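K.L.:
here is a sequence with its predicted model. Questions after.
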Amino acid sequence: MPERKGNYTISFTNKPQVVGYAAAVGKKESEGPLGSFFDKAFTDELCGEKSFEKAETHLQKTAITTALKKAKITKNDIQCAFAGDLLNQCIGSSFGMRDLKFPFSGLYGACSTMALSLVLSGVFVDSGAAQNTVAAASSHFCSAERQYRYPLEYGGQRPQSAQWTVTGAGCVVLSNQPKHTSRTVIDRAIIGSVRDLNVTDPNNMGAAMAPAAAQTIAQFLTDTDTKPEDYDLILTGDLGSTGSRLLIELLKDENNIDISGVHNDCGVMIFEPETQDVHSGGSGCGCSAAVLCSYILDNMAAGRLKKVFFVGTGALLSPTSTLQKESIPGIAHGVLLINQ
């Protein structure tokens, strides 16, 4: 059963196994530095569908079905799926689940959704409430632009602090069944709390999310009595280059913690800034989902990474809150992945 560790952290006693994972992305993402690690890359932004929203659903379904195939598990073996996206009422996920027919818990954590889905999936599997679960998240550049900003035809200028919403999806299949022999498991997790330093610029999501990331990382290190150097990687997603710099400064100033030697960010990793014109990097639920469910878990499976603290970050805004001149609160959830 999951146990409380310190004030905020959950310790898993049965260590849910990562038995399958997959990532599906768009053309721009496949042309980035991690292109060779993704399971499926679409060259058509519509993914053969009639709208960008349907395309996002297709991306997520592709990631899920591919992960199940790699795990050698059928969809009838899944007791619950935890998934979410950036669209109103999570239609990117829920419309896909009507075809997959899993028991489904829809989540919204903005860009932290992949980490949140892993936390909840892990709790279900560790406690025995489910034997096999799915954790997934997705985003699409065009559907996000239409909902949060301007029609693509508008061609508005983007400041250097802005990030590029990733067209992509990722899925992890967790299991407590002894027949699986995966070396990678979820060891601990932390659900973050909302932090708001009154950032109001929707084109600077990194600044909005960095305080929450700093808070969650500091709380986790305190609860577990560990130091940054105890980890192979502290991975955030998706602060981008602007938010990553702020995170490192905040942790030093507020907590006297230096993660610079072991930190990387999914939004920085997924694109090549010199050639792909993404300004501060990638963002969106699909950014950290795609990076985690390809490059990171591939390296853990190969033994090149053994202890990764994955911290998903989200900016909790909506078109309505922006029009009402609200600030942009941030949230960050964390999952410790280790090799047994």
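P.N.:
Looks like it arrived, so ask away.

K.L.:
list the residues that contact D238.
P.N.:
111, 163, 166, 265-267, 281-284, 287-288, 313 (CB atoms under 8 Å, 6 or more residues apart in numbering). C-betas here are computed from N, CA, C, even on glycine.

K.L.:
touching, S112 and F310? I think so.
P.N.:
No. Under the criterion of CB atoms under 8 Å, S112 makes no contact with F310, lying 10.5 Å away.

K.L.:
more neighbours: these two, which one.
P.N.:
The neighbour count for S112 versus F310, taken as other CB atoms under 10 Å, is higher for S112 (35 against 25).

K.L.:
just the pLDDT at that one, thanks.
P.N.:
S112 carries a pLDDT score of 97 in this model.

K.L.:
okay, now K179: neighbour count?
P.N.:
If you count neighbours by other CB under 10 Å, K179 ends up with 7.

K.L.:
equivalent analysis for A144, please.
P.N.:
24.

K.L.:
sorry, back to before: overlap in contacts of S112 and F310?
P.N.:
Residues touching both S112 and F310 by CB under 8 Å, 6+ apart: S288.

K.L.:
these two touch, right, S143 and T57?
P.N.:
No. Using CB under 8 Å, S143 is not in contact with T57; the gap is 9.7 Å.

K.L.:
now do the shared contacts for these two.
P.N.:
Each of G92 lies in contact with both S143 and T57 under the rule CB under 8 Å, 6+ apart.

K.L.:
which of the three states applies to the residue lying closest to K40 once chain neighbours are set aside?
P.N.:
Nearest non-adjacent residue to K40, counting by CB to CB, 6 or more residues apart in numbering: A24, 4.1 Å away. Put simply, A24 is strand when judged by DSSP: H, G, I helix; E, B strand; the rest coil.

K.L.:
got a list of what A24 touches?
P.N.:
With CB under 8 Å, 6+ apart, A24 has these contacts: 38-42, 59-60, 62-63, 66, 168-170, 290.

K.L.:
which residues does it bridge with?
P.N.:
Legend: beta-bridge partners of A24 under DSSP bridges are K40, A169.

K.L.:
again with S283
P.N.:
With DSSP bridges applied, S283 shows beta-bridge pairing to T165.

K.L.:
need the helices for the stretch 51-200 of the chain, in chain order.
P.N.:
52-71, 91-100, 113-127, 141-148 (DSSP state H, counting those that start in this stretch).

K.L.:
buried residues in the longest one?
P.N.:
For helix 52-71, the buried set under the neighbour-count rule, 16 or more other CB atoms under 10 Å, comprises 52-68, 71.

K.L.:
where does the chain have low pLDDT?
P.N.:
Within the chain, the ranges that satisfy pLDDT under 70 run 147-163.

K.L.:
can you list the domain ranges for it.
P.N.:
Listed domain ranges for the chain are 3-175, 184-339 (source: automatic domain parsing).

K.L.:
next one: the shortest one to chain centre, how far?
P.N.:
Right, domain 184-339. Offset of domain 184-339 from its chain centre (CA atoms, centre = their mean, to the nearest Å): 9 Å.

K.L.:
span of it from start to end?
P.N.:
4 Å (CA to CA, to the nearest Å).

K.L.:
tell me the secondary structure for the closest residue in space to K27 that isn't next to it in sequence?
P.N.:
Leaving aside its chain neighbours, K27 sits nearest to T43 (5.0 Å; criterion: CB to CB, 6+ apart). For T43, the assignment made with three-state DSSP gives coil.

K.L.:
now T43: phi and psi?
P.N.:
phi -90, psi -20 (degrees, to the nearest 10).

K.L.:
separation between it and F52?
P.N.:
15 Å (CB to CB, to the nearest Å).

K.L.:
one more: N203?
P.N.:
Look at N203 and F52: by CB to CB, they are 21 Å apart.

K.L.:
same check on M97?
P.N.:
Noted for M97: a distance of 19 Å to F52, by CB to CB.

K.L.:
so which helix or strand takes in G286?
P.N.:
For G286, the host element (DSSP states H and E) is helix 285-291.

K.L.:
packing partners for that helix?
P.N.:
strand 17-25, helix 113-127, strand 132-139, strand 168-175, strand 233-237, helix 266-269 (3 or more CB pairs under 8 Å, 6 or more residues apart in numbering; DSSP states H and E).
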